[in-house]
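K.L.:
I would like the atomic coordinates for the input below:
(one chain, ligands or ions: 1)
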Amino acid sequence: MSVTKPNIKPNSPNFSSGPCAKRPGWSIEALSDALTGRSHRSGPGKAKLKEVIDRHRDLLGVPDDYHIGIVPASDTGAFEMAMWSMLGARGVDVFAWEAFSGDWLKDITGQLGIEDVRTFEAEYGALPDLLAADKERDSVFVWNGTTSGVCAPNADWIADDREGLTFCDATSAVFAYDMDWNKLDVTTWSWQKVLGGEAAHGMIVLSPRAVERLESFTPSYGLPKIFRMSKGGKLNKGIFEGATINTPSMIAVEDCLDALKWVESVGGLKGTIARSKENFKAIESWAAKTDWVDFLAQDEDTRSTTSICLKIVDPWFTSQDDETQGAVIGALAKMLDSEGVAYDIKGYRDAPHGLRIWGGATIEAADLKALCPWLDWAYAQAKAQREESVAA
Ligand SMILES: Cc1ncc(COP(=O)(O)O)c(C=O)c1O
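P.N.:
Down below sits the predicted model:
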């Protein structure tokens, strides 16, 4: 296969799935109003944190009776604090289909010591049977499996009259999908994904029933300070008004505000969803006419518009051993990196060897369109190099 080297490069080579590309036009100047050297508990400090919460509520349409908090340790911190504070009150159904959902499953079965757990797992590329969720039980899942590019196709499988709570790690989905808040009791995400913000802090949204759980249930173990959302059996409301548990980075806060203002400037949630869909389409139309790749997500309805994961279906590639496949993908990624065309596009380390290209709102569709011919070129090069080294 001979492929000519393209001559048009993407304007930005940043296609990482986290931290993700900054919004178009971002520069360090965007942080010039950061409240550096000041207390986050001062009037202006608290106002900045509250603005992050309020802007999220407005942009995402989070219902007024849901609480939104800024918590430590990015999405992981937010999701862990939710699981450790609230799981164990009733049986738990856990859905796992890639690395992060798999991590939550490991925590629930191996660390939290919850006995009544049902697990529903699927291989990379597939989705477990979400319809198996029992409305009497809590359920734990990711909305978008960032490491496999497989997302929940809708929220229809979540019962409106459920007794259990839904725990949704939505980190690479929020701002890319219209989240159905009525179906979600605990939702978490970070600033470093679709917003292209700085990593550091997590967002957590609690439904009224999640608050009820926090106020009525005490886990059998103690909780570290950074996980504690309630005080004396009552929700610690301050956390949900900008009084963070511990010290946040006011630079990261400023960056988040910049990202949220940008979201508004592109038409709010509708705008970011549309941008992500357009990005996905750029890859989809190239993949449709390209015989060496396919989506890792088997079912079209489950293909993520943010973490776009591709597998290599060229029979030459699939007939190679695991090590060779890894080496070919490594060579492809290295070539595009040194050409300044694409950074960080190798599939996740535990996923089948392939590519993972971010399609969240901060990416420009034109850049993805420019990337595609380079992928053809780099794959052809990497394959030829491998064949030559075997022949030599
Ligand atoms: C689905 C999912 N959950 C959790 C995480 C961890 O996020 P963080 O490193 O921001 O805590 C990620 C990061 O990629 C993710 O994609």
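
K.L.:
give me every residue in this structure lying close to the ligand.
P.N.:
Contact residues, the chain versus the ligand (CB under 6 Å from any ligand atom): 18, 74-76, 100, 142, 146, 169, 171-172, 190, 192, 199. To be clear about C-beta, it is placed using only N, CA and C from the backbone, and glycine gets the same treatment.

K.L.:
which among these gets closest to residue 326?
P.N.:
residue 146 (20.0 Å; CB to CB).

K.L.:
quick one: the closest one and residue 189, what's the gap?
P.N.:
11 Å (CB to CB, to the nearest Å).

K.L.:
return every residue with contacts to both of these two.
P.N.:
171, 172 (CB atoms under 8 Å, 6 or more residues apart in numbering).

K.L.:
returning to what we had before: just put the residues of the chain next to the ligand in a markdown table and tack on distance to residue 262.
P.N.:
Formatted as a markdown table, the residues of the chain next to the ligand follow (distance: CB to CB, whole Å):
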| residue | distance to residue 262 |
| --- | --- |
| 18 | 18 |
| 74 | 20 |
| 75 | 20 |
| 76 | 25 |
| 100 | 26 |
| 142 | 25 |
| 146 | 22 |
| 169 | 24 |
| 171 | 19 |
| 172 | 18 |
| 190 | 17 |
| 192 | 15 |
| 199 | 17 |
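
K.L.:
dump these into TSV; add neighbour count and distance to residue 296 as well.
P.N.:
Listed next are those as TSV, based on neighbours: other CB atoms under 10 Å; distance: CB to CB, whole Å:
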residue	neighbour count	distance to residue 296
18	20	17
74	24	25
75	28	22
76	17	23
100	22	15
142	31	15
146	28	12
169	28	19
171	28	19
172	32	15
190	30	23
192	26	22
199	17	25
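
K.L.:
looking at those residues, which two lie furthest apart in space?
P.N.:
142 and 199 (17.5 Å).

K.L.:
give me phi/psi at the nearest residue to residue 225 once chain neighbours are set aside?
P.N.:
Once flanking residues are discounted, residue 225 sits nearest to residue 245: 6.7 Å by CB to CB, 6 or more residues apart in numbering. The phi/psi pair for residue 245 (degrees, to the nearest 10) reads phi -60, psi -40.

K.L.:
number of residues surrounding residue 245?
P.N.:
Look at residue 245: counted by other CB atoms under 10 Å, it has 19 neighbours.

K.L.:
what's it in contact with, if anything?
P.N.:
Here residue 245 is in contact with 71, 72, 225, 226, 228, 239 (CB under 8 Å, 6+ apart).

K.L.:
of the residues you listed, closest to residue 360?
P.N.:
Among those, and counting by CB to CB, the member closest to residue 360 is residue 71, at 21.7 Å.
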